[in-house]
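Undergrad: Predicted model and sequence below, questions to follow.
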Amino acid sequence: NLERCVYAIGVQEGSQVGVWSDFILGELGDPFMLVGQANIGGIHLAIFVTEDVVKDYDFDISSDMVSCGLGNIYWNKGAVGFLVKIGDAKLLFVNSHLAAQQDRVKERNQDYHRISTELFKDKAAKGAEHTIEGLADAVFWCGDFNYRIEGNRRSVDYALSKGMMDVLLSNDQLAREMQA
């Protein structure tokens, strides 16, 4: 039974990778073990599994990272990922930090596209168009996506205070981009 045996914890703008992963491992306790941790700048991802997953199943884990910062070199934006094989199941875990600022929707979309086409690119079939969604049975993507609600702070606060959720949702940048 693979229920509640894998935890993926992602942090953005974090530091002291070993400190927080050790803390989480201490909180999870036995029978969990840390099987992978990766970081690119302040973007961290750690994978914890129960010991029986490693012992009783065909288990494999690999990591990759993609930079989306200045010139696609600087590591303040981008993603880290783990491709985890447990028996016949392939799980992909991604933690990302996309471009910030209210008016940078296009840049956030470009970051997403770069990550989804570059992460684990070496695992793609020769000649096939690569996207990470095709690599695994399930993709779990967390992060600081930085999409905002269109409008200034005062108008958003007013809509919140009046319970105008339909107005807020219709101005949500991520929802708009997902529908486009």
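TA: Arrived safely, thanks for sending. Numbering: from 1, shown residues only.
Undergrad: Residue for residue, what is the longest helix the chain has?
TA: The residue-count maximum for a helix in the chain (DSSP state H) belongs to helix 105-118.
Undergrad: Show me the strands in this structure, by range?
TA: Assigned by DSSP state E, the strands in the chain fall at 6-11, 32-40, 43-50, 59-67, 78-86, 89-97, 138-144.
Undergrad: Could I get the ones you listed in TSV, plus columns for distance to residue 125 and mean neighbour count?
TA: All C-beta atoms are positioned from the backbone trio N, CA, C, and that covers glycine. TSV is the format used below for the strands of the chain (distance: least, C-beta to C-beta, whole Å; neighbours: other C-beta atoms under 10 Å):
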stretch	distance to residue 125	mean neighbour count
strand 6-11	25	19
strand 32-40	24	18
strand 43-50	25	23
strand 59-67	16	17
strand 78-86	15	24
strand 89-97	14	23
strand 138-144	18	16
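Undergrad: Tabulate the ones you listed (TSV), appending mean pLDDT.
TA: Listed next are those as TSV, based on pLDDT from 0 to 100:
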stretch	mean pLDDT
strand 6-11	94
strand 32-40	94
strand 43-50	95
strand 59-67	96
strand 78-86	96
strand 89-97	96
strand 138-144	95
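Undergrad: Make a markdown table out of the ones you listed and add distance to residue 165.
TA: Below are the strands of the chain laid out as a markdown table (distance: least, C-beta to C-beta, whole Å):
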| stretch | distance to residue 165 |
| --- | --- |
| strand 6-11 | 27 |
| strand 32-40 | 35 |
| strand 43-50 | 31 |
| strand 59-67 | 34 |
| strand 78-86 | 30 |
| strand 89-97 | 26 |
| strand 138-144 | 23 |
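Undergrad: which outside residues touch the longest helix of the chain?
TA: Residues from elsewhere that reach helix 105-118 (C-beta atoms under 8 Å, 6 or more residues apart in numbering): 66, 68, 72, 77-79, 94, 96, 98-99, 130-133, 145-147, 173, 177.
Undergrad: which of the residues you listed count as buried?
TA: 66, 68, 77-79, 94, 96, 98-99, 130, 132, 145-147, 173 (16 or more other C-beta atoms under 10 Å).
Undergrad: Of all pairs in those, which one is the farthest apart?
TA: 130 and 173 (26.4 Å; C-beta to C-beta).
Undergrad: what pLDDT does the residue of the chain most remote from its centre get?
TA: Relative to the centre of the chain, the most outlying C-alpha is that of residue 162, 32.8 Å out, by C-alpha atoms, centre = their mean. On pLDDT, residue 162 comes in at 97.
Undergrad: Look up how far residue 156 lies from it.
TA: Using C-beta to C-beta, to the nearest Å, residue 162 is found at 11 Å from residue 156.
Undergrad: show me what contacts residue 156?
TA: Contacts of residue 156 (C-beta under 8 Å, 6+ apart): 149, 168.
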